[in-house]
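Asker: Need a 3D model of the following:
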Amino acid sequence: MDSQPTPRRRAYWLKTLHQWHWISAALCLLGMLLFAVTGLTLNNASHIETKAVVSSRDVQLPEPVLRQLTAPPADKKAPLPAPVAQWLDQTLDAATAGRPAEWSANEVYLSLPRAGGDAWLSIDLASGDVEYERTDRGWISYLNDLHKGRHTGLAWSWFLDIFAVACLVFSLTGLVLLKMHAGNRGATWPMVGLGVVIPVVLALLFIH
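Answerer: Prediction:
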């Protein structure tokens, strides 16, 4: 009678841990593949040739839209008025809505960084002339910026946090499963030890 509870508890925890392990693995699978690939591209960036493509456009604000800019805001970092941002986004696909702008007496300037590239836009307040320049550094730069969370927005920031939690669950449940199976697998702890010792030694000896 007394010998039954321990195997039952072991079976329960094995089943529970396996369930959490495969669920977390499924959730973070694509993210782990993406981060593994971009880890390689970032670490070998000097060997990967990329070519930036720069495009520019010059347009002019219609008079009714330009009149929205006749009264500069008190805050010199305020976004563009909604009608102006809407016209620019429709005309240039510039994604200016809600972006902070730099206001001066003669000009409004917007820096528009984005994943995989860069862009900027300036508006002459007197004439309504708009100059827009966009730089595209290619899909490798785009994926690298996803890896770093650089200019990727709030939704991607939330994804990174959720992905990190899923990786923690995956790793910790894997560690506990290793412990539960270690009795039948003599190489378990030596392999775990190597996984800890190798990066520590490399960091201590070769990173200054």
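
Asker: helices or strands up against the longest helix anywhere in the chain?
Answerer: The residue-count maximum for a helix in the chain (DSSP state H) belongs to helix 5-43. Secondary-structure packing of helix 5-43 (3 or more Cβ pairs under 8 Å, 6 or more residues apart in numbering; DSSP states H and E): helix 139-148, helix 153-181. C-betas here are computed from N, CA, C, even on glycine.

Asker: Could you say which of the ones you listed is packed most deeply?
Answerer: A comparison of the helices and strands packed on helix 5-43 by mean neighbour count, using mean count of other Cβ atoms under 10 Å, puts helix 139-148 on top with a mean of 17.

Asker: returning to what we had before: ok now the longest helix of the chain, how far from the chain's centre?
Answerer: The chain centre lies 21 Å from the centre of helix 5-43; the measure is Cα atoms, centre = their mean, to the nearest Å.

Asker: And the residue nearest the centre of this protein?
Answerer: Ranked by distance to the mean C-alpha position of the chain (Cα atoms, centre = their mean), the top residue is residue 149 at 2.5 Å.

Asker: where's the nearest residue to that residue once chain neighbours are set aside relative to residue 103, distance?
Answerer: In this structure, residue 149 finds its nearest non-sequential neighbour in residue 160, 5.4 Å apart by Cβ to Cβ, 6 or more residues apart in numbering. Applying Cβ to Cβ, to the nearest Å, the value for residue 160 to residue 103 is 33 Å.

Asker: Contacts for stretch 99-116 next, please.
Answerer: 69, 72-73, 76-80, 85, 94-96, 118-126, 134, 136-139, 141-146, 150-152 (Cβ atoms under 8 Å, 6 or more residues apart in numbering).

Asker: Mind checking which of the residues you listed are buried?
Answerer: By neighbour count, with 16 or more other Cβ atoms under 10 Å, these hold 69, 79-80, 85, 94, 96, 118-121, 123-125, 134, 136-138, 141-146, 152 as buried.

Asker: where does the closest residue in space to residue 37 that isn't next to it in sequence land on pLDDT?
Answerer: Spatial nearest neighbour of residue 37, excluding adjacent residues (Cβ to Cβ, 6+ apart): residue 143 at 7.2 Å. We have a pLDDT of 95 for residue 143.

Asker: Pull the contacting residues for residue 143.
Answerer: Contact analysis of residue 143 by Cβ under 8 Å, 6+ apart lists 34, 37-38, 41, 116.
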